[in-house]
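A.B. asks: Need a 3D model of the following:
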Amino acid sequence: MLKRLFFPLLIVTFVLSALSHYMHWGSEIEFVLAGLAILFAAGLLGKATESVAHYAGQRIGGLLNATFGNAAELIIAIFLIKEGLFDIVKASLTGAIIGNLLLVLGASALAGGLKFKEQKFNVHLAGQNASLMLLGIIALFIPAIFVKTEKISQQETMSISIVVAAFLIFAYIGWLVYSMFTHKDLLDDHVDTQADHGESPAWSRGTSILMLIVATVMVAFISEWLVHTLDTFSARFGLSELFVGAFVVAIVGNAAEHSAAVMLALKNKMGAAVEIAVGSSLQIALFVAPVLVFVSLLFGKEMDLIFTTIELAAIGVSVLIATSISRDGATTWFEGKLLLIVYAILGVSFYFV
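C.D. replies: Next up, the predicted model:
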């Protein structure tokens, strides 16, 4: 029943969101409708990437899901930068990182762990992911410590940010070469690596790619509509920019990863779920955030890579527990619950800022 109603609901929410934006029905109504529309669009994005994974395999499927899932985050951030809302951008990046490491990975481990006693994935991949997460933390912590403790001008701060951003992009490109080409066999999930895992894909290869494009375009439009409501929405409900960016925008923007990762975990494909959750966080820290620094320059507005102490602390503890839980290449429902508890603690703390 729900599957039959999905596409009609997707079209209805998209049209209503467009009408509310262009006919000015009010910021609260616009926010709710845009939020609903982007959830359905993200669901289409997740379904399309899962279909592509049937043809390309778990690792590439997971990478595609993380990439197209982060497309919403990137598009939202670009519109926020255009509006000069740098604090919300950084908060949303923080929320995306901790959301994927704690909420997405936690929900996947919990859901999959309740169905299967223990779920295993490639231990070499888990170790490499942990090292890359630590690199991301180092790259964010070091500039922030120097800028906050030494007398460094705004221009020098921007120079540091540009250099660090360039190195992070270089590191991410190196990781793609390492994981997809030179050491692909070492990092494959050998237990379950066939392109078709005994299931029929939702669509053909061509249709799957077309659906990816359509969903991404829809997310782009809805994201712009959503961004225009944030100021009024946060003021109306007394929410800080930090909370709106780190939790509201991040959860909505990452809806694709949430749904797809949990569905894969329920099918005992924890390797793909981890690739989506952890891989998405890595992509945000090592690629999306650095790219946004350069995007801001194109708009003539300089956004540095210096995060607040609160944001750094949240990212730090998220990486710490996610690394501790996933490094052994196995997860259980209990470990998923621990990740969700940490996410709830951070959510409550951010709410009262």
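
A.B. asks: Point out where this structure drops to low pLDDT.
C.D. replies: 1-3, 53, 56-59, 61-62, 65, 69, 72, 188-201, 250, 252-257 (pLDDT under 70).

A.B. asks: Now do the SS call for the residue located most distally from the centre of it.
C.D. replies: In the chain, the residue that sits farthest from the middle, by C-alpha atoms, centre = their mean, is residue 151; the gap is 33.9 Å. For residue 151, the assignment made with DSSP: H, G, I helix; E, B strand; the rest coil gives coil.

A.B. asks: outside of the host helix or strand of residue 88, which residues touch it?
C.D. replies: For residue 88, the element it lies in under DSSP states H and E is helix 86-98. Helix 86-98 has contacts (C-beta atoms under 8 Å, 6 or more residues apart in numbering) with 70, 73, 76-77, 80-81, 136, 230, 241-247, 249-251, 253-254, 280-281, 284-285, 288-289, 292, 296, 301, 303, 307-308, 311, 314-315, 318, 343, 346. Quick note: C-beta positions are derived from backbone N, CA and C, even for glycine.

A.B. asks: Quick check: the residue farthest from the centre of the chain vs residue 157, distance?
C.D. replies: 11 Å (C-beta to C-beta, to the nearest Å).

A.B. asks: now do residue 300
C.D. replies: Counting by C-beta to C-beta, the gap from residue 300 to residue 157 is 17 Å.

A.B. asks: more neighbours, these two?
C.D. replies: residue 157 (18 against 6; other C-beta atoms under 10 Å).

A.B. asks: Verify the stated contact: that one with residue 144.
C.D. replies: No. With contact defined as C-beta atoms under 8 Å, residue 157 does not reach residue 144; the gap is 9.9 Å.

A.B. asks: intersection of neighbour lists for the two?
C.D. replies: Common neighbours of residue 157 and residue 144 (C-beta under 8 Å, 6+ apart) are residue 306.

A.B. asks: Regarding the chain, what is its longest helix?
C.D. replies: helix 27-56 (DSSP state H).

A.B. asks: Who are the packing partners of it?
C.D. replies: Counting contacts by 3 or more C-beta pairs under 8 Å, 6 or more residues apart in numbering; DSSP states H and E, helix 27-56 packs against helix 2-22, helix 58-82, helix 205-227, helix 230-236, helix 250-253, helix 255-266.

A.B. asks: quick one: buried residues of the first one?
C.D. replies: By that I understand helix 2-22. 9, 10, 13, 14, 16, 17, 18, 20, 21 (16 or more other C-beta atoms under 10 Å).

A.B. asks: how close does residue 182 get to residue 86?
C.D. replies: 37 Å.

A.B. asks: Go through the helix holding residue 88 and flag the buried ones.
C.D. replies: 86-98.

A.B. asks: Helix or strand next in line after it, which one?
C.D. replies: Counting by DSSP H and E, the next helix or strand C-terminal to helix 86-98 is helix 105-115.

A.B. asks: In contact with residue 18, which residues?
C.D. replies: Residue 18 neighbours (C-beta under 8 Å, 6+ apart): 221, 225.

A.B. asks: Distance of it relative to residue 217?
C.D. replies: 13 Å.

A.B. asks: and if you look at residue 235?
C.D. replies: In terms of C-beta to C-beta, residue 235 sits 30 Å off from residue 217.

A.B. asks: Who has more neighbours out of the two?
C.D. replies: residue 217 (13 against 10).

A.B. asks: Contacts only, for the more buried one.
C.D. replies: Counted by C-beta under 8 Å, 6+ apart, residue 217 has zero contacts.

A.B. asks: gap between it and residue 93?
C.D. replies: Residue 217 is 23 Å from residue 93, by C-beta to C-beta.

A.B. asks: got it, and residue 319?
C.D. replies: The spacing between residue 319 and residue 93, counted by C-beta to C-beta, is 14 Å.

A.B. asks: Now do the buried residues in stretch 231-245.
C.D. replies: Neighbour-count burial for stretch 231-245 [16+ other C-beta under 10 Å]: 233, 234, 239, 240, 241, 242, 243, 244, 245.

A.B. asks: which non-adjacent residue is nearest residue 284?
C.D. replies: residue 96 (4.8 Å; C-beta to C-beta, 6 or more residues apart in numbering).

A.B. asks: whoops, I mixed them up, residue 106
C.D. replies: Closest residue to residue 106 apart from its sequence neighbours, by C-beta to C-beta, 6+ apart: residue 339 at 3.1 Å.

A.B. asks: Over to residue 141?
C.D. replies: residue 312 (6.1 Å).

A.B. asks: Could you name the specific helix or strand carrying that neighbour?
C.D. replies: Element membership of residue 312 [criterion: DSSP H and E] is helix 309-326.

A.B. asks: and that helix, what does it pack onto?
C.D. replies: helix 86-98, helix 105-115, helix 123-149, helix 270-283, helix 333-351.

A.B. asks: can you give me the angle the shortest one makes with helix 309-326?
C.D. replies: Compare the direction of helix 105-115 with that of helix 309-326 by axes from the mean of the first three to the mean of the last three C-alpha atoms, to 10 degrees and you get 30 degrees.

A.B. asks: Then the longest one?
C.D. replies: With the same axes, to 10 degrees defining the directions, helix 123-149 sits at 160 degrees from helix 309-326.

A.B. asks: after helix 123-149, next one along is what?
C.D. replies: Trace forward from helix 123-149 with DSSP H and E and the next one is helix 154-177.

A.B. asks: how much space between the closest residue to residue 121 other than its chain neighbours and residue 229?
C.D. replies: Excluding its sequence neighbours, the residue lying closest to residue 121 (C-beta to C-beta, 6+ apart) is residue 271, at 3.7 Å. Residue 271 sits 38 Å away from residue 229, going by C-beta to C-beta.
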